[in-house]
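**Q** next come a sequence and a model predicted from it.
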Amino acid sequence: LATGPKNNIRARKVGVDEGRWQVSIMYSSDGGASSLKPPHRTVTLDAPTPEIWTDEPDGKVASTASKEVRPFFTAALLSMWDNIVGPRVQCEWNMFGSEWQANSKVVEYVASHTLNGEICRTEELAVAPGQIVENKLYVLSEHKVLVTAFIFSSFLATQGPCVFSLSLLLPLDRLSSYLPLHKLCEERMKERIDRLTALYKQHELLETVLDKFSSEVPNFISSVYRVYHMTLPETMSAEGTAFDAEHQTMLDMEFLRMMITSHLQTCGCSIVVGKTASDVNLVIRTLALFITPSERSCSRLLDPGDPNVQYEPDLFLQGLLQDASGNVAIPEQDVIRSRLPSSLVDLTRLNVKQTNQMHKHDVVRQEFLESQHLMLQQQLQQNGSDPLQSLCRFHTTNDRSELVQSFLKEVFQLNPRCGVREAFIALFIRRVHRRALALIKYVQSDQSYQDSKATSSVPSAPPSAMYSNIGGARPSVVRNLRHDLSLENDGDFKIILAMAEKMRPGLFTWLLGDPRRQGERYQYEFEAL
């Protein structure tokens, strides 16, 4: 480390190879009034220009001529509130080659805007450091910057609880591209903030904390980078899918039925694995016809030129390549972290598997995240696999949906040209939406649902409300609902219920019950006999 006079630049370069990322580190400090604040660390992430992959009509993915693209994120800032100097930047990560200019005034401006007004929240956030993370979105038109900030607290050995801000900076013209990925970025950043608060608790030296946490930033940027550059278009046609004239005989009709049924039952989240990227992407495009444009923007085609593609939680559609023996690495803990259940489509073995249904998956996910947070904060080492992981493994499914079966029978009787099949698929999705809305209105009109929402916290709640609170709706309510809405078929019921869950979160649990309280439910039923 070369040190100069006070307030001059102190710099060093470290040959740290983070995979495809070259990291250089610099400590800088400006003169004048800002010299009252200690210098912050600046990290430059240098990524090579990627190849852009585009869709071809034949369903393959091919590389075009390499052209320059801007990084998705331009910078990231870690700031804290200092009771003496106010908002203070601890570390700044810059993307090499981006339009971001290392302007200290802009850096201080972002740190000030994200932390101003948060000083009174120190005691509130200190109750559960790392668990209460508030996300805010700022549009700084004067600087042409979009900022998404994550406010959290952590304990420092020398100062006690402090408020921090971890901000991601993007060009303002990326607003429409970022919004579909916002929920994905929020979930991934919360995981990294949990690790950061644990580092603050374990180490007193700021240098040690930043050295260990800096490796997390390139991994996060790389994952979002792949999704952004391999995302599906918002508007899709049947060309290059199993519904066009050229590829409609490539997939077995029974396998296609199982694939679409499971995909709809897991809220439109599926993982497609196979031996070749062209086959995997063909299935991804086929399933993408059954999700919304915003969900397609949070999906990813398989890049045949990227050997480092891994499973990414919270994507609606993604593909992975199998090895020579037909196996693929999908970490169970990452599957649990996903907000929605998932389907696994195996093109080699021609089988379809899925995780637990929504009400069970959500319970396992919450308990797993709480256990992981506790282990991080208490500096515990996990011995072996978490027992919760075994509760979220993929299991074979073969639900027969009359809704999907009649759809496939009719769609292949139509002309594959002139957009006729695309219109019929859109009509099928609209029909599923309408039936899901009918289910929601049916449930909302039920007296037990109204009682559970209105008097759930009242000790003298009616028996119907108490029953709903401990284990879901009465069996008679579910039975009458399925009869009145013509959902006697289990496959159809799960599809409509999954669609209703996306529109009205929590409906799945109310109908089928909280798995953690099934014992209380059975006890209540026996006592009512």
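**A** Noted; the coordinates are in hand.
**Q** can you pull the contacts of the nearest residue in space to Leu437 that is not next to it in sequence?
**A** Leaving aside its sequence neighbours, Leu437 sits nearest to Met503 (C-beta to C-beta, 6 or more residues apart in numbering; 7.2 Å). Placement of C-beta: from N, CA and C, glycine included. Contact analysis of Met503 by C-beta atoms under 8 Å, 6 or more residues apart in numbering lists Ala436, Leu437, Ile440.
**Q** narrow the residues you listed to those that are buried.
**A** For the contacts of Met503, a burial check counting by 16 or more other C-beta atoms under 10 Å picks out Ala436, Ile440.
**Q** could you measure Lys409 against Leu340, distance?
**A** Applying C-beta to C-beta, to the nearest Å, the value for Lys409 to Leu340 is 29 Å.
**Q** compare those two (neighbour count), which wins?
**A** Leu340 (20 against 11; other C-beta atoms under 10 Å).
**Q** and that one, which of the three is it?
**A** Per DSSP: H, G, I helix; E, B strand; the rest coil, the secondary structure class of Leu340 is coil.
**Q** okay, it: pLDDT?
**A** pLDDT recorded at Leu340 is 92.
**Q** mind checking the SS state of Ala329?
**A** Ala329 ends up coil, using three-state DSSP.
**Q** repeat that for Gln90.
**A** Per three-state DSSP, Gln90 ends up strand.
**Q** the helix or strand hosting Ile496: which residues count as buried?
**A** In this assignment (DSSP states H and E), Ile496 forms part of helix 490-503. Neighbour counts over helix 490-503 (16+ other C-beta under 10 Å) mark Gly491, Asp492, Phe493, Lys494, Ile495, Ile496, Leu497, Ala498, Met499, Ala500, Glu501, Lys502 as buried.
**Q** same deal with stretch 234-241?
**A** Buried-residue list, stretch 234-241, by 16+ other C-beta under 10 Å: Met236, Ala238, Glu239, Gly240, Thr241.
**Q** chain center to it: distance?
**A** 24 Å (C-alpha atoms, centre = their mean, to the nearest Å).
**Q** go on, stretch 490-510?
**A** 20 Å.
**Q** tell me the secondary structure for Gly117?
**A** Per three-state DSSP, Gly117 ends up coil.
**Q** ok, now Ser154?
**A** With three-state DSSP as the basis, Ser154 sits in strand.
**Q** what's opposite it in the beta bridge?
**A** Under the criterion DSSP bridges, Ser154 forms beta bridges with Cys162.
**Q** that one reaches Ser165, doesn't it?
**A** No - the criterion here is C-beta atoms under 8 Å, and Ser154 misses it with Ser165 at 11.4 Å.
**Q** neighbour count for these two, which is higher?
**A** Under the criterion of other C-beta under 10 Å, the comparison of Ser154 against Ser165 puts Ser165 first, with 26 against 21.
**Q** and which of the contacts of Met503 is nearest to Leu315?
**A** Ala436 (22.5 Å; C-beta to C-beta).
**Q** that closest one reaches Leu507, doesn't it?
**A** No - with contact defined as C-beta under 8 Å, Ala436 does not reach Leu507; the gap is 9.4 Å.
**Q** anything in contact with each of the two?
**A** Going by C-beta under 8 Å, 6+ apart, residues that sit against Ala436 and also against Leu507 are Leu497, Ala500.
**Q** could you pull up the contacting residues of Leu175?
**A** The neighbourhood of Leu175, defined by C-beta under 8 Å, 6+ apart, consists of Val139, Leu146.
**Q** for it, what is the enclosing helix or strand?
**A** Using DSSP H and E, Leu175 maps to helix 175-178.
**Q** just give me the longest helix of this structure.
**A** Using DSSP state H to define each element, the chain has its longest helix at helix 420-444.
**Q** show the average pLDDT along it.
**A** Rounded mean pLDDT across helix 420-444 is 94.
**Q** for it, buried residues please.
**A** 421-422, 424-425, 428-429, 432-433, 435-436, 438-440, 442-443.
**Q** packing partners for the helix or strand containing Val209?
**A** Using DSSP H and E, the element containing Val209 is helix 206-213. Judged by 3 or more C-beta pairs under 8 Å, 6 or more residues apart in numbering; DSSP states H and E, the packing partners of helix 206-213 are strand 86-95, helix 182-202.
**Q** hey, C-alpha coordinates of it in CSV?
**A** Only the C-alpha atoms of helix 206-213 are listed here, as CSV (Å, rounded to 0.1, in the frame of the first residue of the first chain):
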residue,chain,number,x,y,z
LEU,A,206,-14.2,-2.8,8.6
GLU,A,207,-11.5,-4.0,6.2
THR,A,208,-12.2,-7.6,7.1
VAL,A,209,-15.9,-7.1,6.6
LEU,A,210,-15.5,-5.5,3.2
ASP,A,211,-12.9,-8.0,2.1
LYS,A,212,-15.3,-10.9,2.8
PHE,A,213,-18.4,-9.2,1.5
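**Q** following it, which helix or strand comes up?
**A** Next helix or strand after helix 206-213 toward the C-terminus (DSSP H and E): helix 216-229.
**Q** flag every buried residue along the helix holding Leu175.
**A** Buried positions in helix 175-178, judged by neighbour count with 16+ other C-beta under 10 Å: Tyr178.
**Q** how far off centre is it?
**A** The answer for helix 175-178 is 16 Å, by C-alpha atoms, centre = their mean.
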